[in-house]
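Engineer: A predicted structure for the sequence below; I have some questions about it.
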Amino acid sequence: MSSSSEVSVRRSPIPASIRAMRPKQWVKNLLVFTAPLAAGAVLKPQVFAQSALAFVAFCAISASIYLINDIRDVESDRQHPKKRLRPIAAGELSPRAALVLAIGMVVGALGLGFWTAPWLAVVLAVYWVLQVGYSLFAKNQPIVDLAMVAAGFLLRAVAGGVASAIPLSQWFLLVASFGSLFMVAGKRYSEMVQLGAEAGTRASLARYTTTYLRFVWTLSAGLVIAAYSLWAFDLRTASGTQWAGIPWAQVSIAPFTLAMLRYAYEIDQGQAGEPEDVVLGDRMLQAMGLCWAIPIALMFVH
């Protein structure tokens with residue numbers, strides 16, 4: 001089977017080995033900066049450097065997972081209108097070469113993680129085991145698959161604190177946990193909306209309904225906003241969190257809530273099947289993110 005889109009992919013100036021590691025999806029790994037950001041320490045040179053190393057390590061470990069997934073799903077991907085254009089499914093990269101590359105990425109990620117902070121290597125190893133387990137065993141198990149994918153997002157957030165030796169507050173963990181579940185349930189919901197009647201042909205979606213997934217992401221969104229608000233008000237008496245007498249942590253609740261609502265709008269429209277596309281393509285969401293980042297930065301102005 002050939003098409004103009006297939007030809008354009010094959011003529012891409014980016015090597016197949018790079019495209020197979022899905023660099024566009026590495027934007028998810030920016031979550032490693034959330035713990036240092038919440039602690040107001042992200043701009044400290046050592047903390048930023050440690051977090052950047054954690055980001056690189058997670059890009060490598062996640063790339064290995066994408067390669068393994070594509071090796072395992074190569075036949076089914078060839079039947080998918082979009083996934084058939086992936087380098088392995090399209091025959092641009094052999095499964096054997098992809099497996100060697102995946103092993104190299106795992107070894108490199110764990111080595112870099114251990115060199116950065118031993119506990120970071122542990123987080124990376126747990127992430128890899130969970131994601132491989134998801135791909136091989138839990139991908140088609142309802143609820144379990146949501147939990148395991150959400151755990152991947154959560155471990156990214158935890159990694160930033162571990163790499164920089166920053167204590168993780170209970171509120172941060174709650175926001176990260178339910179935020180991860182919100183994104184994953186929203187992703188599944190969007191996939192079902194996009195596929196319509198064909199959703200029942202995909203094992204990962206066949207046991208869900210849109211009403212159930214809507215319940216999950218709606219509940220998760222409410223819990224995220226509640227936990228974030230509790231964190232913000234918990235800082236009302238903390239030193240170093242006010243500038244010009246304004247409680248910036250509490251001010252940040254408004255743009256944070258609006259950003260959550262904007263992302264929920266994308267989910268409801270069935271446009272959040274790929275979270276990185278939403279973040280990179282929605283200018284209004286980016287503007288809301290900037291409006292949230294400003295009061296967060298002002299929290300720690302001395």
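Structural biologist: Right, received. Where do you want to start?

Engineer: all contacts plus neighbour counts: C-alpha atoms, from now on.
Structural biologist: Will do.

Engineer: Low-confidence ranges, the stretch 51-200 of the chain, go.
Structural biologist: 80-81, 197-200 (pLDDT under 70).

Engineer: who touches residue 180 in this structure?
Structural biologist: Each residue near residue 180 by CA atoms under 8 Å, 6 or more residues apart in numbering is listed here: 150, 151, 153, 154.

Engineer: From the chain's centre, how far out is the strand or helix carrying the last one? Work that out for me.
Structural biologist: I take that to be residue 154. Mapping residue 154 onto the secondary structure by DSSP states H and E places it in helix 144-164. Its chain's C-alpha centre and that of helix 144-164 lie 8 Å apart, by CA atoms, centre = their mean, to the nearest Å.

Engineer: The very next helix or strand once past it relative to helix 144-164, how many degrees between them?
Structural biologist: Downstream of helix 144-164, the first helix or strand assigned by DSSP H and E is helix 170-195. Helix 170-195 runs at 140 degrees relative to helix 144-164, counting by axes from the mean of the first three to the mean of the last three CA atoms, to 10 degrees.

Engineer: Where do the domain boundaries of the chain fall?
Structural biologist: Domains of the chain are assigned by automatic domain parsing as 16-168, 171-302.

Engineer: And residue 18, how far from residue 131?
Structural biologist: 20 Å (CA to CA, to the nearest Å).

Engineer: and those two? which has more neighbours close in?
Structural biologist: More crowded of residue 18 and residue 131, by other CA atoms under 10 Å: residue 131, with 24 against 11.

Engineer: so which strand or helix has the more buried one?
Structural biologist: For residue 131, the host element (DSSP H and E) is helix 118-133.

Engineer: Alpha carbons only: can I get stretch 52-68 in CSV?
Structural biologist: C-alpha atoms of stretch 52-68 as CSV (Å, rounded to 0.1, in the frame of the first residue of the first chain):
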residue,chain,number,x,y,z
ALA,A,52,17.8,18.9,32.7
LEU,A,53,19.7,15.7,33.1
ALA,A,54,16.6,14.0,34.4
PHE,A,55,14.8,15.3,31.3
VAL,A,56,17.4,13.8,29.0
ALA,A,57,17.3,10.5,30.8
PHE,A,58,13.5,10.3,30.6
CYS,A,59,13.6,11.1,26.9
ALA,A,60,16.0,8.2,26.4
ILE,A,61,14.0,5.7,28.6
SER,A,62,10.7,6.8,27.0
ALA,A,63,12.2,6.4,23.5
SER,A,64,13.0,2.8,24.3
ILE,A,65,9.4,2.2,25.3
TYR,A,66,8.1,3.7,22.0
LEU,A,67,10.5,1.4,20.1
ILE,A,68,9.4,-1.7,22.0
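
Engineer: which outside residues touch that stretch?
Structural biologist: With CA under 8 Å, 6+ apart as the contact definition, stretch 52-68 has outside contacts at 20-23, 26, 29-30, 32-33, 98-99, 101-103, 105-106, 108-110, 112-113, 116, 120, 124, 128, 131-132, 156, 159-160, 163.

Engineer: Kindly recompute the last result at 6 Å.
Structural biologist: Applying CA atoms under 6 Å, 6 or more residues apart in numbering, the contact partners of stretch 52-68 are 21, 26, 29, 102, 105, 106, 109.

Engineer: Show the residue spans covered by the strands in the protein.
Structural biologist: In the chain, the strands defined using DSSP state E lie at 242-243, 246-247.

Engineer: Can you list the low-confidence ranges for the stretch 201-302 of the chain?
Structural biologist: For the stretch 201-302 of the chain, the ranges with pLDDT under 70 are 201-204, 236-245, 301-302.

Engineer: Recalculate using a threshold of 90.
Structural biologist: Where the stretch 201-302 of the chain drops to pLDDT under 90, the residues are 201-210, 231-250, 270-281, 293-302.

Engineer: Show me where it has its helices.
Structural biologist: Ranges of helices within the stretch 201-302 of the chain are 203-206, 210-234, 248-251, 253-268, 275-281, 283-299, based on DSSP state H, counting those that start in this stretch.

Engineer: what's the spacing between the last one and its chain's center?
Structural biologist: Right, helix 283-299. Chain-centre distance of helix 283-299: 19 Å, with CA atoms, centre = their mean.
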